[in-house]
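Novice: Structure of the sequence below:
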Amino acid sequence: MRSEDDNVEASEPQHKYRRLNPFSTAHQGKDSAHSAVYWPRDLLPTTVPNAQVLTYGYDTNIRHWAGQPVSHNTVRDIAWDFLVALEAIRRAKPTRPLLFVVHSLGGIIVKELLRRSSGLCQGQKRLRAVFESTIGIMFFGTPHGGADPRRFLQHAAEMVVKAIGYTANEQIVKTLLPSSERLRELRDEFVPLAQEQQWVIHSFQEELGIMALGSRKVVEDTSSYLNIPTVETTEHIRRNHMAMCRFSGPDDAEYKKVAAALRRMTTNLPENRVPNPGASLTMEQRQQLRDSLKFDQIDARHMSIKIAHAKTCKWLKKKDEYLDWLNPSKFPEHHGFLWVRGNPGTGKSTLMKFALAQARRTMKERIILSFFFNARGGALEKSTVGMYRSLLLQLLDSIPALDAMFDSLCLIAWPRDGHMQWSVELLKDLFEQAVQSLGQSQVICFIDALDECDEDQIRDMLSFFEHIGELAVVSNTRFQVCISSRHYPYITIARGLGLVLEGQEGHRQDITNYIDTELKIGHSKAAEEIRAELQTKATGIFMWVVLVVDILNKEHDRGRIHTLRKRLREIPAGLHDLFRDILTRDTRDKDELILCIQWVLFAKKPLRPEELYYAVLAGTEPDSLEPWDQKLTTLDTIRRFILDSSKGLAETTKSKTPVVQFIHESVRDFLLKDNGLQEIWPDPGGRFQGPSHERLKECCLKYISTDIAKSLHLPEPLPVASSEDAASLRDLAQQSYPFLEYAVHSILHHADEAESEDIVQLDFLQSFPLQSWINMHNLLERYQARRLTSEASLLYILAERNLARLIQAHFSTSSPLEASKERYENPFFAALATESTDATQALAKLELCKSTGLLTSFQRLCQSYLEDSNQIPKLSRNSLLLKKPIELAKQGKVELTRLLLATGKVEVNTRDHRGQTLLSQAAENGHEAVVKLLLATGKVDVNAKDNLGQTLLSQAAENGHKAVAELLLATGKVDVNAKDDPGWTPLSWAARNGHKAVDVDAKDNLGQTPLSQAARNGREAIAELLLATGKVDVNAKDDSGWTPLSWAARNGHKAVAELLLATGKVDVDAKDNLGQTPLSQAARNGREAIVELLLATGKVDVNAKDDSGWTPLSQAARNGREAIAKLLLATGKVDVNAKDNSWQTPLLQAARNGHEAIAELLLATGKVDVDAKDNFGQTPLSWAARNGHEAIAELLLATGKVDVNAKDDLGCRFHGLLGIGTRL
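Specialist: Numbering: from 1, shown residues only. Okay, the predicted model is just below:
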């Protein structure tokens, strides 16, 4: 598979070569030195003769505006199209083994294709067959870890491209960048699949850079391999990225590498690939995964929307757009999409809630799903991850059997606590599976407030839903989506219906109905005039009407009927102007208002009512802070306080865990985008974020500075975090001090945000109550491992929480590598383990600032990190690798190993339970960079043996790590003939496993030489290497008497056998301990090519008998080897009546075992004795009769030569055993 810029002109393809789509034929630049040959067509059919070659291309080209439009398909789209096309072409033979050869982004496409195919176990099993049939992948320069060809002069290059009118598929370009989240997700999901399926993977890496990048490679070596030593081989192609899969012909040195790899990958393939069935999850595991989809506030936004007024929204049911959306006959036209748009505050969410309730009430036979985005809520409430989780959970609640889709997750390790880290791609896959598994069930989905989610996420979601809609049309499944949003941002969809609220007569009438019913001012002429004026002034903004009706009702209730018209005219017409009026008209408790607004705007997470109450008190009345008395200060009192403090612009959600938010997203827009906050708080001069975080920090500090420990009577030390006593203390603390948890966990966050706005935090850090904070943190922590010791440094805490700005502000003389008793040992490791990239860079800068000239090894490492941030090592939060250097070496984490070595505290020759050192783990797993790093210390023992006596060189040789072996040999200190406990040398291991790697005839404990091992395992290159020395004994026998030729003949390795015969020194009739010659072995095991090869020498004894008296023909007859029997008979030299030690002839063997074709061949010679008896007097006919081989009996009878009355040694006749006695 190739991108379009890799394609070459192809003439009419041969029958084994076929294109799957138009992009499979394109052009190649004229400057290419290798353009004469299109290797998938011209070379591949010869390299892999039995293969059918299919090509598939895709468009990632940058194109000029005047040319053909650039494709906007995403990687996901291309992968799906490829999967469908591939399945269609393979439908006749869906289980035929499949090998992918891919270049660059093509590798990403194929990984996505296989990931998608693997998840289709519920519905489209024919598409899953592609995954099940795959046996391997050959990658050329695939950016598994990201590639950034725009890294140098990126911005300048983009400006040039735009200036001359070029466009590019940005969706795909973004995927290739190292920061691409999807690329990381795909890598993490693909590796377990490859390991589980045992795919053979060969990753070719570009050796040369390109001038445009300053001779740098497009895809660096660290990115162009998967790092799966068990299934992956890596190798360099001496080309740059663009030319690495262009070859001049079969003799091209670089193509020979490819050809060798292809032959290795396709050797001994079965005719059909047997799928590896995935294990089903238990019911308990499925339930745990289902539960992990849930999250707090999952229905908060929907529940907080007021139910539509009794006389409103009903017009929707009669609108043509709504009726067409529900009309099955029009489904192919709109693919199930209805998009409701309107200005802020027009009542879109209320209308959506009405439509949802109407659907649930009247469409009982359908599955109704919903999600209401909430920009004022937590991360999941305003993201598509939260939406997909909610929709999936609702689907599972409707159809519990759909939880079988969880089996497709291919979980290699069960997630801790059963809680998955749900990625958006994984959720989309599950949702697609679920929809495809619905059968005749119909799904209607209502999704509100798209504008309250990130635009890129929404675009991806709409693209995905369009894809689902297309599948629904094809499969005749009903999947309908009604969405609502503001007019901006405008996103085009291919098909769908639209409904704009502004100008709708029904919407205007809703406002009239609401005013008539809710404005309680009577029905005088003046009252009706006020209603009409209110209607006109509303301009269709329902939220404005609701707020103004409330204001006028209050005026009326206070007896100010005469001022109603005047008050209405004073009220601004616009929604934002109304908010301004509400906030500035009443100046009482202004400080309380500002602080309340700041908390709702800038809190790290939405606060519960009681949290907000005490947060405001901490800033306005700190002396009144005391344990919460819920009888005195009820929740109702707190809600009224919040309503008053926010001037009615904040509300408490009606959810399971209520939180405080603005009454509408337009309030936030007004305060931040329309400078509304400056209207009530002009002091900061327009810079609100920094001063706000500073004030929130001060509130947290005042709250945790109260004597909480004394009030709660905390014991010293605290009980273990998981104990019941600790849980009781946590509950008591949270009930008595509801703002404590937020204050402890977020005080440093607000300080960090303030520092980012140039509000200096040095004094705060120097006076920070560290011990008190640690005590409170440990009190609230539910996991013992996450607690801190009393000696924890502030630098460590900042690093663990990724507070980079505070790290830079914190003047610390201690080293980021200073050891401690904390979970991650030191600040630098804490930043790495928690993937706190910003903190890692800040710590590196901090360390470099201490340099006085000559850099330490750690400072040099920090410098390299800062020069290329992508090289900062990553480590799992739950990993203990930092405390296990051997594990780092095993996994090839060179930068982390370098980091540990820089501490000077690592013993490089330390051993694990297998007796392996850091160096032996690196050598065994082929991590060249780690080996080089360890050898450079000059402290490692290069001849160290593990518990099985294996040296480093043996381990490298066993696993084929040539580069590692060369590094070890280059030291000049390695014992190349060292034997392990089974007696194997490094060369023995290399020969056994096919690795070129020095007693060439050194025997192992079974007496096998390296040449025997190579012959046994078909390692042609190794055999050739050994024979080229001229020092090997080609007839050396092992403890079973087998020579190298015996092994090659037995296992059918023709190429090795040819090499051995070509020496002219091989004893072709050498017998093993059972008297078997190579020809006997080949005949017995059906090795036709070997038999033909041996017979061609003219030197083999075709009638040689083994210790059982069996000749090669006997072996062929016994085992049904028809082709070999033909070859032997064709020599004219075989004794067709040769008897073995049981006096059985080849014919008798064939008759006894039911090999009809062999019997027919032997009878056709006219030389066989059809009545030859064995040592029990049994003839071929008696054996055929005894074993029920009727066809052979008829063959024998047809000769007219058999004695049908013959008796065996017990005097028994044979025809009575046959079911054909009447024919005798």
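
Novice: Run through the helices of the stretch 1051-1200 of the chain in chain order.
Specialist: For the stretch 1051-1200 of the chain, the helices defined by DSSP state H, counting those that start in this stretch cover 1054-1062, 1078-1084, 1088-1097, 1112-1119, 1122-1130, 1146-1153, 1156-1164, 1180-1186, 1190-1198.

Novice: Check the offset of the helix or strand where Arg1016 lies from the chain's centre.
Specialist: Secondary structure from DSSP states H and E places Arg1016 in helix 1010-1017. Averaging C-alpha positions (Cα atoms, centre = their mean, to the nearest Å) puts helix 1010-1017 40 Å from its chain's average.

Novice: Can you tell me which of the helices of the stretch 1051-1200 of the chain is nearest to Ile541?
Specialist: Ranking those by distance to Ile541, with Cβ to Cβ as the measure, places helix 1054-1062 first at 82.3 Å. Using the backbone N, CA and C atoms, a C-beta is placed for each residue, glycine as well.

Novice: buried ones in that closest one?
Specialist: 1054, 1056-1057, 1059-1061 (16 or more other Cβ atoms under 10 Å).

Novice: Okay, Ser746 and His507: tell me how far apart.
Specialist: Noted for Ser746: a distance of 42 Å to His507, by Cβ to Cβ, to the nearest Å.

Novice: more crowded one of these two?
Specialist: Here Ser746 and His507 are compared on neighbour count by other Cβ atoms under 10 Å; more neighbours surround His507, at 22 against 18.

Novice: Number of residues surrounding the residue nearest to the more buried one when sequence neighbours are not counted?
Specialist: Distances taken as Cβ to Cβ, 6 or more residues apart in numbering place Leu501 nearest to His507, at 5.0 Å, with adjacent residues excluded. Other residues near Leu501 come to 21 when the count uses other Cβ under 10 Å.

Novice: Point out where the stretch 801-950 of the chain drops to low pLDDT.
Specialist: 851-855, 857, 868-896, 899-900, 902-906 (pLDDT under 70).

Novice: leaving aside the residues next to it on the chain, what's closest to the spatially most central residue of the chain?
Specialist: Nearest to the mean C-alpha position of the chain, by Cα atoms, centre = their mean, lies Glu189 at 2.3 Å. Setting aside the residues directly before and after it, Glu189 is nearest to Arg115 in space (Cβ to Cβ, 6+ apart), at 5.7 Å.

Novice: now for the stretch of helix or strand that neighbour belongs to, which elements pack on it?
Specialist: Applying DSSP H and E as the criterion places Arg115 in helix 105-118. Where contact means 3 or more Cβ pairs under 8 Å, 6 or more residues apart in numbering; DSSP states H and E, helix 105-118 is packed against strand 2-3, strand 57-58, helix 75-89, strand 98-103, helix 125-133, strand 134-140, helix 170-176, helix 181-197.

Novice: now those as CSV including distance to Leu564?
Specialist: Below are those laid out as CSV (distance: least, Cβ to Cβ, whole Å):
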stretch, distance to Leu564
strand 2-3, 70
strand 57-58, 67
helix 75-89, 58
strand 98-103, 74
helix 125-133, 67
strand 134-140, 76
helix 170-176, 56
helix 181-197, 56
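
Novice: on that earlier part again, spit out the contact partners of the residue nearest to His507.
Specialist: For Leu501, the contacting residues are 340-343, 346-348, 351, 507, 540, by Cβ atoms under 8 Å, 6 or more residues apart in numbering.

Novice: Check Phe247 too.
Specialist: 34, 37, 39, 43, 254-255, 258 are the contacts of Phe247 under Cβ under 8 Å, 6+ apart.

Novice: now, which of those residues lie within helices?
Specialist: 39, 254-255, 258 (DSSP state H).

Novice: I figured Tyr796 hits Phe828, correct?
Specialist: No - judged on Cβ atoms under 8 Å, Tyr796 makes no contact with Phe828 at a distance of 9.5 Å.

Novice: Would you mind telling me which of these two has more residues around it?
Specialist: Legend: neighbour count by other Cβ under 10 Å for Tyr796 and Phe828, higher for Phe828 (29 against 26).

Novice: Excluding chain neighbours, what is closest to the more buried one?
Specialist: Nearest one to Phe828, counting by Cβ to Cβ, 6+ apart, is Pro816 at 4.0 Å.

Novice: Tell me which residues touch that neighbour, please.
Specialist: 795, 799, 826-828, 831, 843-844, 846-847.

Novice: can you list those in a markdown table and add distance to Ile210?
Specialist: Formatted as a markdown table, the contacts of Pro816 follow (distance: Cβ to Cβ, whole Å):
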| residue | distance to Ile210 |
| --- | --- |
| Leu795 | 42 |
| Ala799 | 38 |
| Asn826 | 40 |
| Pro827 | 39 |
| Phe828 | 35 |
| Ala831 | 34 |
| Leu843 | 34 |
| Ala844 | 30 |
| Leu846 | 36 |
| Glu847 | 34 |
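
Novice: What distance do you get for the residue lying closest to Asp1038 once chain neighbours are set aside to Arg1019?
Specialist: With sequence-adjacent residues excluded and distances taken as Cβ to Cβ, 6+ apart, Asp1038 is closest to Gly1007, at 3.9 Å. According to Cβ to Cβ, Gly1007 and Arg1019 sit 18 Å apart.

Novice: hey, which helix is longest across this structure?
Specialist: Max-length helix for the chain by DSSP H is helix 455-475.

Novice: tell me which element Gly690 is part of?
Specialist: helix 689-704.

Novice: What are the buried residues along the next helix-or-strand element following that helix?
Specialist: Proceeding N to C from helix 689-704, the next assigned helix or strand is helix 708-712, under DSSP H and E. Residues 708, 712 are the ones in helix 708-712 that count as buried (16+ other Cβ under 10 Å).

Novice: what's the following helix or strand after helix 708-712?
Specialist: helix 724-736.

Novice: Distance check, the residue lying closest to Gly342 once chain neighbours are set aside against Ile483.
Specialist: In space, and not counting its chain neighbours, Gly342 is closest to Leu501: 3.4 Å by Cβ to Cβ, 6+ apart. According to Cβ to Cβ, Leu501 stands 13 Å off from Ile483.

Novice: shared neighbours of the two, anything?
Specialist: Between them, Leu501 and Ile483 share the contacting residues Val340, judged by Cβ under 8 Å, 6+ apart.

Novice: can you pull the buried residues of stretch 391-405?
Specialist: Across stretch 391-405, burial judged by 16+ other Cβ under 10 Å covers 391-396, 398, 402-405.

Novice: Could you work out the end-to-end span of that stretch for me?
Specialist: Using Cα to Cα, to the nearest Å, one end of stretch 391-405 lies 14 Å from the other.

Novice: What pLDDT does the model give Tyr38?
Specialist: Listed pLDDT for Tyr38 reads 81.

Novice: and what of the one 5 residues further on?
Specialist: Per-residue pLDDT puts Leu43 at 86.

Novice: same thing with Pro627?
Specialist: pLDDT, Pro627: 93.

Novice: Now do stretch 621-631: distance to the chain's middle.
Specialist: 49 Å.

Novice: give me phi/psi at Arg341?
Specialist: Main-chain torsions, Arg341, degrees, to the nearest 10: phi -120, psi 150.

Novice: Tell me how far it lies from Leu351.
Specialist: Taking Cβ to Cβ, one finds Arg341 at 11 Å from Leu351.

Novice: In helices only, show me the buried residues of stretch 391-405.
Specialist: Using DSSP H, the buried residues of stretch 391-405 in helices are 391-396, 398.

Novice: I'd like to know which of those is nearest to Leu497.
Specialist: For these, the nearest to Leu497 is Leu391 (20.9 Å; Cβ to Cβ).
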